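need a 3D model of the sequence below.
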Amino acid sequence: MSDLLDRAAQVRQGEELDAGRLDEFLRSSIPGLKGELKISQFPSGFSNLTYFLRVGQREMVLRRPPHGTKAKTAHDMGREYKVLTALRPVFPYCPRPLVYSEDPAVMGCPFYVMERIQGIILRRSLPPELGFGPAELERLTKRLVEVMAELHAVDYRAAGLGEFGKPRGYVRRQVEGWSKRFRAARTPDVPDGEAVMAWLAAEMPPESPTATVIHNDLKLDNVVLDPADPLKIIGVLDWEMATLGDPLMDLACTLAYWVQEDDPPPLKQNASMITHLPGCLTRRQAVEYYGRLTGRVMDRMDFYYCFGLFRLAVIAQQIYYRYYHGQTADQRFAVLGGLVGLLLAKGQAVMDGAEV
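Numbers count the residues shown, from 1 in each chain. Got it, this is the predicted structure:
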């Protein structure tokens, strides 16, 4: 399984770190580092930049915001570090945070360093070496739902996260906030999304009776699988958008990535999860399984799923905005404008009665 381990590559041009300043900072902040600092970069991800640091035998991961214009409330490294620090003792899938810095002298922006969780990360395709068939994929997708249910069962007040967010009014703020962000980031070559935004504003369900910690980006390429038992999830990464709120909004965000076999071909071609393969839970099965695990009422998943699709469209549009306006030359972003249109069309289909 060693060939399947997630690996870093050469740092992309324009995203290099000042190795000298970083080395000095690390040795003054993390006791016991011995050996030469080596820096590489994890190539995936469209948002925060993620680097692999090796000092001797010590393996660490550094997260920092991307270069260029950023959304006002995104890329908050301090929040990400805080939630990892609080959750790690009660939700062991979190990487262990090591140090956080806002000192602009190191790299000109806030950043943090955590321990690396070495393992397998499934991205856009299923490695044949895993030998997963339908039975294994059913088990894996169930585990993803189970880990989400475990997160939503955490007593966030006891964990010290009572002030981490504002659960009351969360759904309304999300609908209004993401609508505002979409209008601000829209480029002339994508649909205006006004019908989806109007429907979401009109169809908001009553306030959720129970707020929880929500990850807001829990999907297969943000979990780490045990190399010795790839059906076992040993890590959950990318806590950039974690907060307190309606747990069904968290499930909705995951469902937006949950492409299934009968989805339109363009959505399957752009899928970031392998959930369209035989054996994986369908979205409906995932919803029902989550409901059985948590006891929550799941009768307005049309709203939640449509919101998840819209939010994903906004995220893609915010990144595409940077590409469209020449703030990044990363060619991976070129396709995102088309993806925005696909997601909005899927949201419209849900509004028109399509099954989740």
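
show me where the stretch 1-150 of the chain has its strands.
Assigned strands in the stretch 1-150 of the chain, in chain order: 37-41, 49-55, 58-64, 97-101, 111-115 (criterion: DSSP state E, counting those that start in this stretch).

packing partners for the second one?
Contact analysis of strand 49-55 by 3 or more CB pairs under 8 Å, 6 or more residues apart in numbering; DSSP states H and E lists helix 19-29, strand 37-41, strand 58-64 as its packing neighbours. All C-beta atoms are positioned from the backbone trio N, CA, C, and that covers glycine.

partners of it in the sheet?
Applying DSSP bridges, strand 49-55 is found paired with strand 37-41 (antiparallel), strand 58-64 (antiparallel).

now do the buried residues in the first one.
Along strand 37-41, the positions that meet the burial threshold by neighbour count (16 or more other CB atoms under 10 Å) are Leu37, Ile39, Gln41.

out of those, which comes closest to Arg181?
The closest of those to Arg181 turns out to be Gln41 (CB to CB; 27.0 Å).

I figured Ile30 hits Val99, correct?
Yes: contact criterion CB atoms under 8 Å: Ile30 and Val99 qualify, at 6.0 Å.

hey, what's in contact with both of the two?
Common neighbours of Ile30 and Val99 (criterion: CB atoms under 8 Å, 6 or more residues apart in numbering): Val113.

tell me which helix or strand of the protein sits lowest on mean pLDDT?
One helix or strand of the chain scores below all others by mean pLDDT, DSSP states H and E: helix 265-269, with a mean of 87.

who does that one touch, helix- and strand-wise?
Secondary-structure packing of helix 265-269 (3+ CB pairs under 8 Å, 6+ apart): helix 336-351.

which residues are contacting the helix it packs on?
46, 187, 189-191, 193, 195-196, 199, 256, 263-264, 266-267, 270, 302, 305-306, 309-310, 312-313, 316-317, 319-320, 323-324, 356.

can you mark which positions in that helix are buried?
Neighbour counts over helix 336-351 (16+ other CB under 10 Å) mark 336-337, 339-348, 350-351 as buried.

hmm, back to that, can you say which of the contacts of helix 336-351 are buried?
Buried residues within the contacts of helix 336-351, counting neighbours by 16+ other CB under 10 Å: 46, 190, 193, 196, 199, 256, 263, 267, 270, 302, 305-306, 309-310, 312-313, 316-317, 319-320, 323-324, 356.

where helices are concerned, which of the residues you listed count?
Per DSSP state H, helices hold the following members of those: 196, 199, 256, 267, 302, 305-306, 309-310, 312-313, 316-317, 319-320, 323-324.

now do the helices in the stretch 101-250 of the chain.
In the stretch 101-250 of the chain, helices defined by DSSP state H, counting those that start in this stretch lie at 104-107, 134-152, 170-185, 194-202, 247-257, listed in chain order.
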